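Asks: Please work out how this folds:
(chains A and B)
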Number of protein chains: 2
Amino acid sequence: MIYPESLEKLINYYKKLPGIGEKNAERLALATLNFKEEDLDKFSDAIRNVKKIHKCSICGHLTEGDICNICADPSRDKNLICVIEDYKSVFSFEKAGNFRGVYHVLNGLISPADNIGPDNINLSSLVKRVEAAKKPELILALKSTVEGETTTLYIKKIFEKKNVLISRLSYGIPMGAEIDYLDIITLDKALEDRKKISD
Amino acid sequence: MIYPESLEKLINYYKKLPGIGEKNAERLALATLNFKEEDLDKFSDAIRNVKKIHKCSICGHLTEGDICNICADPSRDKNLICVIEDYKSVFSFEKAGNFRGVYHVLNGLISPADNIGPDNINLSSLVKRVEAAKKPELILALKSTVEGETTTLYIKKIFEKKNVLISRLSYGIPMGAEIDYLDIITLDKALEDRKKISD
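Replies: Numbers count the residues shown, from 1 in each chain, chains lettered A, B, ... in the order given. Now for the predicted structure:
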């Protein structure tokens, strides 16, 4: 054995993380050796404590309690529901920081090719949430792939005749991008979704 | 707070690791969420257990016991001591797998510019080891920087009149490298250290 046993074990766990190869895992483990004892305890506890995290019973986002911080926040507009593929989108929106509604995490997208139908994603609870809301508004924030579009259309269809205001995120040019380098589909969508700026 | 508390803590610890930024720490923490409970416990233990690792009382390499696996191995030649800057070199040599001697970890190099003198690195115990050996041979495997060369010369001087066979690693062309792209200093050294191949 090249490494002391406990170092070898740590290297093997770092290797289980995405994008961390043999060499990098060794580097991380050796850096961990230089942590203060107190930090090692806290780091160790932090790893064990992620077991506390589960899904919010309302929106499906990550939480340690029964419902997540966002659903529990009285200042958030419970009528405005942003529908997303997974909890990573919540972090992105919250970092952007301007959305004052709540989320609904689908935990997947409809994908017939992968045998994922409407019943395999977190849709039935969305229907219940919308029905329970007074003046529901849905923002569909799903990616622009076949699966994303399929799911968007499916959700649109469910609520079509139920007096629910539905929108999707705009497609267009990412901020700061050079138009010359943009792919033609994005350019086409940006043209289609163009916004009037004259009075 | 954007993340659940325990996730936030884990992200902060991943960020303490070298080369792991904000975004990457989030990615690693979310991947950790998907570990099995059993793996989380073991990973957590692995981090706590690196506290067991300390320096070998003979060579200065990492070990969990009093002396390291290499010093404890009766098949290793205790007269052949490879002098290295830090324990990372031990891992490299052991992976290469052909060295059958033992190591001596200096834990630094002489560097007057950084106020690191011969007394600040693990040299006195090397002198004792060499004096205790029957037919000592030293291989100096230090990098080819000013600090490395200074340390090599200093060690050479200590043992000059003490009947110790001393060698250093050869400089030269790395295996597979294109000669056209090699820096001139390496090329110069390769010329100087050229090896006779005729009979």
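Asks: How is chain A divided into domains?
Replies: Annotated domains of chain A cover A:5-52, A:54-168 [automatic domain parsing].
Asks: looking at those, which is closest to residue B:165?
Replies: The minimum distance between residue B:165 and the domains of chain A falls on domain A:5-52, with 31.8 Å, by CB to CB. C-betas here are computed from N, CA, C, even on glycine.
Asks: show me where chain A has helices.
Replies: Assigned by DSSP state H, chain A shows helices spanning A:5-15, A:22-33, A:37-49, A:69-72, A:87-96, A:124-132, A:146-159, A:184-192.
Asks: Output the contacting helices and strands for the third one.
Replies: Read it as helix A:37-49. helix B:5-15, helix B:37-49 (3 or more CB pairs under 8 Å, 6 or more residues apart in numbering or on different chains; DSSP states H and E).
Asks: ok, now which ones touch the nearest residue in space to residue A:9 that is not next to it in sequence?
Replies: Once flanking residues are discounted, residue A:9 sits nearest to residue B:46: 4.3 Å by CB to CB, 6 or more residues apart in numbering or on different chains. Counting by CB atoms under 8 Å, 6 or more residues apart in numbering or on different chains, residue B:46 makes contact with A:6, A:9, A:10, A:12, A:13.
Asks: cutoff 6 Å now
Replies: Residues near residue B:46 by CB atoms under 6 Å, 6 or more residues apart in numbering or on different chains: A:9, A:10, A:13.
Asks: For residue A:32, see how far away it is.
Replies: Plainly put, residue B:46 is 9 Å away from residue A:32 if you go by CB to CB, to the nearest Å.
Asks: cool, and residue A:115?
Replies: Distance from residue A:115 to residue A:32, by CB to CB: 41 Å.
Asks: Please compare the two by neighbour count and tell me which comes out ahead.
Replies: Per other CB atoms under 10 Å in any protein chain shown, whichever of residue A:115 and residue A:32 has more neighbours is residue A:32, with 23 against 7.
Asks: pLDDT at the more buried one, what is it?
Replies: Per-residue confidence (pLDDT) for residue A:32: 95.
Asks: And for the closest residue to it other than its chain neighbours, the neighbour number?
Replies: Leaving aside its sequence neighbours, residue A:32 sits nearest to residue B:50 (CB to CB, 6+ apart; 5.8 Å). The tally of other residues near residue B:50 (other CB under 10 Å) stands at 24.
Asks: Quick check: residue B:50 vs residue A:30, distance?
Replies: 10 Å.
Asks: Same check on residue A:181?
Replies: 41 Å.
Asks: and those two? which has more neighbours close in?
Replies: residue A:30 (20 against 6).
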